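Engineer: Turn this into a structure:
(chains A, B, C and D)
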Number of protein chains: 2
Amino acid sequence: MSISNPPNPTVRVLLVDDHAVVRQGLRLFLGLDPDIEVVGEAGNGEEALAEAQRLAPDVVVMDLMMPVMDGITATRALRRALPDTEVIALTSTLEEHKVNGAIEAGAISYMLKDASSDTLAEAIHAAARGEVRLHPEAARRLVRDFRSAEMRETLTPKETIVLQLIARGHSNRDIAADQGVSEATVKTHVSRLLSKLELESRTQAALYALKHGIARLDGVEG
Amino acid sequence: MSISNPPNPTVRVLLVDDHAVVRQGLRLFLGLDPDIEVVGEAGNGEEALAEAQRLAPDVVVMDLMMPVMDGITATRALRRALPDTEVIALTSTLEEHKVNGAIEAGAISYMLKDASSDTLAEAIHAAARGEVRLHPEAARRLVRDFRSAEMRETLTPKETIVLQLIARGHSNRDIAADQGVSEATVKTHVSRLLSKLELESRTQAALYALKHGIARLDGVEG
DNA sequence: TGACCCTTCCCCCTTTCGGCGGACGCCTCC
DNA sequence: GGAGGCGTCCGCCGAAAGGGGGAAGGGTCA
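Structural biologist: All right, here's what the predicted structure looks like:
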């Protein structure tokens, strides 16, 4: 907008997504902007890390859901190794806990894959300048989760483990046997975590764990 | 391969995905095959239906997760309206119950977005010939779910409703009040559905419901 | 050292679950 | 029209879950 702005230098971008289709689409999208150069691609977090260290891109566009090494882990590692490289998290759906995870891991932006090529290009330029861009809904959830995290006391390691086991459908007796403690101890943990999370039953706790990424559905038998 | 095969006629394809990025990538992928022509695109199920009726494509490549009208619903409607048009379901992740849903809705193939352009092109040609192509893991789950569906007795309407409410974290008393019956009745439903599904607790039932698409996590408060 | 937190375990108690058996109405099929 | 199957309803009862309170050992930190 302002004529005092220097002309945009070319931004060097690394694309990270496990789907070749998506990488191709992104390449095409970003090819429309002459000030963006896609210097490389990676299909998972490990590759991303290696390529980033080799290429030292200005911005990494990172899918969060990937095999081998997921995007959040990769983002954390990448920010540690290359503090000058900004990461834009890119997901297809707004997943509750991933917004937090990505931001906490050091992503500067959180975008959805249904973004237009303009929006994406703008976010990349913004990231190169160190400016934050958040999808509106992502911003809303971030604020909400931040507030609730303030309210909510954090769980101790044992409480977290017990919560995860509850989210796999285990009974108190099962958990006690699994952890090598008495059932009374497990009950204490359950009571405390229910109280902390302001929940009423273990079933609600299981749902809470799934919703907030503390446990996963694929850990469940059946 | 065989020289006795007739030359492939050009297959007319409609791409359906809510992400423009993915549509672009697919276009690029399929553009490599001279016998495939992408005749149109749609960003949701409703658009897909309208475009399919206008264009009468040979094959529709359909993402399953979309706003407005999801891919499974769209597939069902599309197969009803245009029985000669084959549908290939395309998803980014192998979601348990969606494999069943897509096949039951009339999809001829189930592919993942991480497929190579060759695989995808081959599946499109196969679909045009009326041949099934399944991602190996999708095939495995289909067989497994088919078998377990054989084993598993079906739930009655009431039992299904109770299961859904359990999967939202409600207690028996809550459910009784909600459904206008006594708590004892709710308990009967719970007992029977646990027995039918071979589960041990309401928490396991909640997880089962989520895993099999009977209930959704976004129906949960918190 | 004292204060604080985490973990472990116990007690007692109420509520909730879940299994078992029984009942009624509705439908179908012989 | 009676026999059986199924869905819905209910009560009894033992088991599991959950609340409240207390207590002990170990860890960290001021």
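
Engineer: Any idea how many residues pack against A:Leu199?
Structural biologist: When neighbours are counted by other CB atoms under 10 Å in any protein chain shown, A:Leu199 registers 17. Every residue, glycine included, has its C-beta placed from N, CA and C.

Engineer: Leaving out chain neighbours, which residue sits closest to it?
Structural biologist: Using CB to CB, 6 or more residues apart in numbering or on different chains and skipping the chain neighbours, the partner closest in space to A:Leu199 is A:Ala205 (5.4 Å).

Engineer: And the helix or strand where that neighbour lies, how far out from the chain middle?
Structural biologist: Using DSSP states H and E, A:Ala205 maps to helix A:202-211. Here helix A:202-211 is found 20 Å from its chain centre; the criterion is CA atoms, centre = their mean, to the nearest Å.

Engineer: Likewise for stretch A:78-98?
Structural biologist: Offset of stretch A:78-98 from its chain centre (CA atoms, centre = their mean): 6 Å.

Engineer: Output stretch A:61-71 in CSV, but only the C-alpha positions, please.
Structural biologist: Extracted C-alpha coordinates of stretch A:61-71, given in CSV (Å, rounded to 0.1, in the frame of the first residue of the first chain):
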residue,chain,number,x,y,z
VAL,A,61,4.5,-24.2,4.4
MET,A,62,3.8,-27.2,6.6
ASP,A,63,1.0,-29.7,6.6
LEU,A,64,0.3,-30.9,10.2
MET,A,65,-1.0,-34.3,9.5
MET,A,66,1.8,-36.4,8.1
PRO,A,67,3.3,-39.9,8.6
VAL,A,68,6.9,-40.5,9.9
MET,A,69,7.1,-37.2,11.7
ASP,A,70,4.0,-35.1,12.2
GLY,A,71,4.0,-31.4,11.3
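
Engineer: Pull the residues that contact it.
Structural biologist: A:13-19, A:22, A:26, A:43-49, A:72, A:74-75, A:77-78, A:87-92, A:95, A:98, A:101-102, A:107, A:120, A:124, B:92-93 (CB atoms under 8 Å, 6 or more residues apart in numbering or on different chains).

Engineer: quick one: which of the residues you listed sit in helices?
Structural biologist: A:22, A:26, A:45-49, A:72, A:74-75, A:77-78, A:98, A:101-102, A:120, A:124 (DSSP state H).

Engineer: Any regions of chain A where pLDDT drops low?
Structural biologist: Along chain A, the model assigns pLDDT under 70 to residues A:1-8, A:95-97, A:143-153, A:219, A:221-222.

Engineer: Chain B contacts on that one?
Structural biologist: A:18-26, A:28-29, A:65, A:92-93, A:113-117, A:166-169, A:171, A:199-204, A:206-208, A:210-211, A:217, A:220, A:222 (CB under 8 Å from any CB of the partner chain).

Engineer: Which of the residues you listed are buried, as a ChimeraX select command?
Structural biologist: A single ChimeraX command suffices to select whichever of those are buried according to 16 or more other CB atoms under 10 Å in any protein chain shown:
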select /A:18,19,20,21,22,23,24,25,26,28,29,65,92,113,114,115,117,166,167,168,169,171,199,201,202,203,204,206,207,208,210,211,220
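
Engineer: out of the residues of chain A next to chain B, who's near DNA strand C?
Structural biologist: Counting by CB under 7 Å from any atom of the strand, A:Ser201 from the residues of chain A next to chain B sit close to DNA strand C.

Engineer: How about the residues of chain A by DNA strand C?
Structural biologist: Within chain A, the positions adjacent to DNA strand C are A:156-159, A:179, A:181-182, A:184-185, A:188-189, A:201 by CB under 7 Å from any atom of the strand.

Engineer: Separate out the buried members of those residues.
Structural biologist: Buried, going by 16+ other CB under 10 Å: A:158-159, A:185, A:189, A:201, out of the residues of chain A next to DNA strand C.

Engineer: doesn't A:Thr185 make contact with A:Ile175?
Structural biologist: No. Judged on CB atoms under 8 Å, A:Ile175 makes no contact with A:Thr185 at a distance of 9.3 Å.

Engineer: Which single residue of chain A ends up nearest chain B?
Structural biologist: As assessed by CB to the nearest CB, chain B sits closest to A:Gly25 within chain A, at 3.1 Å.

Engineer: so what's that residue up against?
Structural biologist: So A:Gly25 contacts B:19-26, B:28 (CB under 8 Å, 6+ apart).

Engineer: and which of those is nearest DNA strand D?
Structural biologist: The nearest member of the contacts of A:Gly25 to DNA strand D, counting by CB to the nearest atom of the strand, is B:His19 at 40.3 Å.

Engineer: Spit out the contact partners of that closest one.
Structural biologist: A:22, A:25, A:92, A:113-114, B:63.

Engineer: just to revisit the earlier point, show only the entries of the residues of chain A next to DNA strand C found in helices.
Structural biologist: Filtering the residues of chain A next to DNA strand C for helices - DSSP H - leaves A:157-159, A:179, A:184-185, A:188-189.

Engineer: Now for these: which two are most distant?
Structural biologist: Of all pairs drawn from those, the one with the longest distance (CB to CB) is A:Pro157 and A:Ala184, at 18.8 Å.

Engineer: burial measure for the residue nearest to A:Arg76 when sequence neighbours are not counted, as a count.
Structural biologist: In space, and not counting its chain neighbours, A:Arg76 is closest to A:Ala105: 4.1 Å by CB to CB, 6+ apart. By other CB under 10 Å, 22 other residues sit near A:Ala105.

Engineer: what's the answer for A:Pro34, then?
Structural biologist: By other CB under 10 Å, the residues close to A:Pro34 number 8.

Engineer: Now for it: which residues touch it?
Structural biologist: A:Pro34 sits next to A:Thr10 when contact means CB under 8 Å, 6+ apart.

Engineer: Kindly report the same for A:Leu155.
Structural biologist: Each residue near A:Leu155 by CB under 8 Å, 6+ apart is listed here: A:163, A:193, A:196-197.
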